[in-house]
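# with the sequence up front, the predicted model follows.
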Amino acid sequence: MLMLALLLIPLIGAVVVAVGGERESKHVALGWTLLACVAAVASVFAFNWSDAATAQFEMRAPFLPHYGINLWIAADSVSLLLVLLTALLGPLCVLGSYSSVHHRQRLYYASLLALQSFVTGVFLAQDVILFYVFFELTLAPMFVLIREWGGANRKKASVKFFLYTFTGSILTLAGVIYVAWARTGLIETAAVNAGWTFSLEFLTDTARFMSSSEQTVVLLALLAGFAVKVPLFPVHTWLPLAHTEAPTAGSVVLAGVLLKLGTYALYKIAIPLAPAAFVAFAPYVAAVSIIGILYAGLICWTQRDVKKLVAYSSVSHLGFCILGLVAMNAVGVGGSILYMINHGLSTGALFLCIGMIYERYHTRDMDELGGLASKMPVWAFFMVFFSLASVGLPGLNGFVSEFMCMLGAFQAGAAWGPGGTGGVLGPWFAAFAATGMVVGAMYILYMVGKVVFGPLTEPRGHHPHETLPTDLNLREITVLTPLAVACLVLGVYPTPVIRSLEAPIIEQLAHVERYFPEAEAVETSELERPEPAGASIVAAEGGLR
């Protein structure tokens, strides 16, 4: 019932807000998001963490049984942590919008609540069609948020966002249907004992009976939708525009959880449905990820709009996330999942900080803003803190996940030697990606030095906000503090989270390890042992403490 509650609470809240009063809509929305947050925390305590790989809180009901479609939701530790992140960002987005949204408030807050419900559904779905339905439903409220409360180019941004993601998803649906259809043909060979089904549990078995060319077609179809959602280079061009034009809360949700739908889908669906093709294409996906890391980092150097700079940085950061995922060892995949959480915290917080500045100065141009620490010391503290978390300062959350992704890629190949952990990457992939870390530190720290420090620079003809003080008020501090605490805790002591991820990751890697080149193959039993170095997430993480 807890998982159903996490789905229904924000959805019911969206309906209540939509039919309620305009003036009190923000308070009602805050109440519903807080209730969803309480349910998420309760699920954390009710979850059996000693059996983290097993889907728990399972609820299943037939929907279209003749076509093999079921309403089936459940959570393992990976999906539960992402649901917890979604629930945490909900009330922070609502509270952060109190002073920035003044027209059509019912539609605005109802859209935020509906978006939270649909994103939660993606993380909990165990039926691929149900996953796809929630995956597509996220487009509608995000489209509304950008189009109604975005900037000057909001119409172009909303249409581009919708067309890119919707077009790719159609091909993804075709790939999923092909796998389900291929499975029905196995009945004749007695390989399976069922008809049409879209259950991920059963579709996973189909890959063993598909040829390499069939798996290649399926993987390309899945990548068509998931790579756009990540987004990977070169299908990333919708993201900076959508981020820049979206309202602050829209950017937070987009960076915090919506981009994670693509990375989570690759982990949850692409790996088991096309494992051989995933191994074969891993070097190419890794190369594209590295190009995105460097390309987006170099573009950030030329940006004068602070929000656009942070938006392009997301392309770079998600490149690291995908690099860890295609390393296909426990360390890299663990770092990738941890990166999903950490990027949502630090980059979401940066967008909140930028939104607070925009409310006061109505500009995001670095040529018109500078030295704000002298006037806004509390805001400057949070801005510097989250910027350092974003660049991967040791002791903060970004370092742990970035290091694990790099280490996973480094160890994923024969070049590492007998202690390698399987995979088809190696040290050269990590070396090229490491240059992206240097570039990322340079443009983020340059932005901080320009906007936060130095002589005070304010826009000409600036008129102070009528209701906001010069520095952050208590409401704004309340919004940023939980994110800062989470960044610090995950940076100093990430062990509990990393341990909880190990079992489901090992289970997922079992789908692909048989397809590694023979000299690099690693048995599942070896992944479960703390030796050799790199086979266990906790073994790698132990050196970080």
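Received it, and whenever you're ready, just let me know what you need.

# count of neighbours near V16?
For V16, the count of nearby residues is 17 (other CB atoms under 10 Å). Bear in mind the C-beta positions are built from the backbone N, C-alpha and C, glycine included.

# do I have it right that it meets W32?
Yes: using CB atoms under 8 Å, V16 is in contact with W32, at 7.0 Å.

# how far is whichever strand or helix holds I337 from where the chain is centred?
I337 belongs to helix 330-361 when assigned by DSSP states H and E. Relative to its chain's centre, helix 330-361 lies at 9 Å (CA atoms, centre = their mean, to the nearest Å).

# swap in stretch 399-415?
For stretch 399-415, the separation from the chain centroid amounts to 19 Å (computed by CA atoms, centre = their mean).

# please, which helix or strand holds the nearest residue to H343 once chain neighbours are set aside?
Counting by CB to CB, 6 or more residues apart in numbering, H343 lies nearest to H317, which is 5.2 Å off, once chain neighbours are set aside. Take DSSP H and E as the rule and H317 turns out to sit in helix 306-327.

# quick check: angle from that helix to helix 330-361?
Here the directions of helix 306-327 and helix 330-361 differ by 170 degrees (axes from the mean of the first three to the mean of the last three CA atoms, to 10 degrees).

# which strands and helices lie in contact with helix 306-327?
helix 238-245, helix 260-265, helix 275-302, helix 330-361, helix 397-411, helix 427-451 (3 or more CB pairs under 8 Å, 6 or more residues apart in numbering; DSSP states H and E).

# with mean neighbour count, mean pLDDT and distance to L11 as extra columns, can I get these in a markdown table?
Shown next, in a markdown table, are the helices and strands packed on helix 306-327 (neighbours: other CB atoms under 10 Å; pLDDT from 0 to 100; distance: least, CB to CB, whole Å):
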| stretch | mean neighbour count | mean pLDDT | distance to L11 |
| --- | --- | --- | --- |
| helix 238-245 | 25 | 86 | 24 |
| helix 260-265 | 25 | 92 | 17 |
| helix 275-302 | 21 | 90 | 34 |
| helix 330-361 | 26 | 92 | 21 |
| helix 397-411 | 27 | 90 | 30 |
| helix 427-451 | 18 | 89 | 37 |
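
# would you mind giving these as JSON lines with distance to G96 added?
Shown next, in JSON lines, are these (distance: least, CB to CB, whole Å):
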{"stretch": "helix 238-245", "distance to G96": "16"}
{"stretch": "helix 260-265", "distance to G96": "19"}
{"stretch": "helix 275-302", "distance to G96": "24"}
{"stretch": "helix 330-361", "distance to G96": "5"}
{"stretch": "helix 397-411", "distance to G96": "20"}
{"stretch": "helix 427-451", "distance to G96": "19"}
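
# quick one: which of those is nearest V489?
With CB to CB as the criterion, V489 lies closest to helix 397-411 of the helices and strands packed on helix 306-327, at 8.0 Å.

# so what does that closest one touch, helix or strand wise?
helix 306-327, helix 330-361, helix 377-391, helix 427-451, helix 474-492, helix 537-542.

# now render those as JSON lines, adding distance to T165.
Shown next, in JSON lines, are the helices and strands packed on helix 397-411 (distance: least, CB to CB, whole Å):
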{"stretch": "helix 306-327", "distance to T165": "15"}
{"stretch": "helix 330-361", "distance to T165": "18"}
{"stretch": "helix 377-391", "distance to T165": "25"}
{"stretch": "helix 427-451", "distance to T165": "25"}
{"stretch": "helix 474-492", "distance to T165": "26"}
{"stretch": "helix 537-542", "distance to T165": "31"}
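
# and of the ones you listed, who's closest to T138?
Nearest to T138, of all the helices and strands packed on helix 397-411, is helix 330-361, at 14.8 Å by CB to CB.

# now the angle from that closest one to helix 377-391?
150 degrees.

# now do helix 330-361 and helix 397-411, the angle between them.
150 degrees.

# the top strand by length along the chain - contacts with which helices or strands?
For the chain, the longest strand by residue count, based on DSSP state E, is strand 56-64. Using 3+ CB pairs under 8 Å, 6+ apart as the contact test, the elements touching strand 56-64 are helix 2-19, strand 69-75.

# show me the one of those that comes nearest L232.
When the helices and strands packed on strand 56-64 are compared (using CB to CB), the closest one is strand 69-75, at 26.7 Å.

# mind listing residues that contact that closest one?
Residues outside strand 69-75 that contact it (CB atoms under 8 Å, 6 or more residues apart in numbering) are 3-4, 7, 43, 47, 55-63, 83, 121, 123-127, 129-130, 198-199.

# in CSV, list the C-alpha atoms belonging to that strand.
Provided in CSV are the C-alpha atoms of strand 69-75 (Å, rounded to 0.1, in the frame of the first residue of the first chain):
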residue,chain,number,x,y,z
ILE,A,69,-0.6,-5.8,-19.7
ASN,A,70,-0.8,-5.6,-15.9
LEU,A,71,-0.8,-2.8,-13.3
TRP,A,72,2.3,-4.0,-11.5
ILE,A,73,4.3,-1.8,-9.2
ALA,A,74,7.1,-2.7,-6.7
ALA,A,75,10.4,-1.3,-5.5
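
# from the chain's centre, how far out does that strand sit?
21 Å.

# packing partners of the next helix or strand after that strand?
Next in sequence after strand 69-75, counting helices and strands by DSSP H and E, comes helix 77-96. Using 3+ CB pairs under 8 Å, 6+ apart as the contact test, the elements touching helix 77-96 are helix 2-19, helix 25-46, helix 105-124, helix 248-253, helix 260-265, helix 330-361, helix 474-492, helix 495-509.

# so which of those is the most packed in?
Among these, helix 248-253 has the highest mean neighbour count (mean count of other CB atoms under 10 Å), at a mean of 28.

# what's that helix packed up against?
helix 77-96, helix 105-124, helix 139-149, helix 330-361.

# same thing but 7 Å
The helices and strands touching helix 248-253, judged by 3 or more CB pairs under 7 Å, 6 or more residues apart in numbering; DSSP states H and E, are helix 77-96, helix 139-149, helix 330-361.

# tabulate those (TSV), appending distance to G262.
As requested, the helices and strands packed on helix 248-253 are exported to TSV (distance: least, CB to CB, whole Å):
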stretch	distance to G262
helix 77-96	12
helix 139-149	13
helix 330-361	10
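
# okay, now the unreliable bits of the stretch 51-200 of the chain?
Judged against pLDDT under 70, the low-scoring parts of the stretch 51-200 of the chain cover residues 185-195.

# measure the nearest residue to G436 once chain neighbours are set aside to L107 for me?
Distance criterion CB to CB, 6+ apart; nearest residue to G436, sequence neighbours excluded, is I293 at 3.6 Å. Separation of I293 from L107 (CB to CB, to the nearest Å): 37 Å.

# what's the mean pLDDT across the helix holding H317?
In this model, helix 306-327 has a mean pLDDT of 90.

# from A74, how far out is M356?
Counting by CB to CB, the gap from M356 to A74 is 38 Å.

# ramachandran coordinates for G21?
When quoted as degrees, to the nearest 10, the phi and psi of G21 stand at phi -80, psi 150.

# oh, and call the first residue 6 from now on, that's how I've got it
All set: I'll call the first residue 6, so the last point we hit is now G26.

# around it, how many other residues sit close by?
Neighbour number of G26 under other CB under 10 Å is 11.

# verify the stated contact: R365 with L473.
Yes: the pair R365 and L473 qualifies as a contact (CB atoms under 7 Å) at a distance of 5.9 Å.
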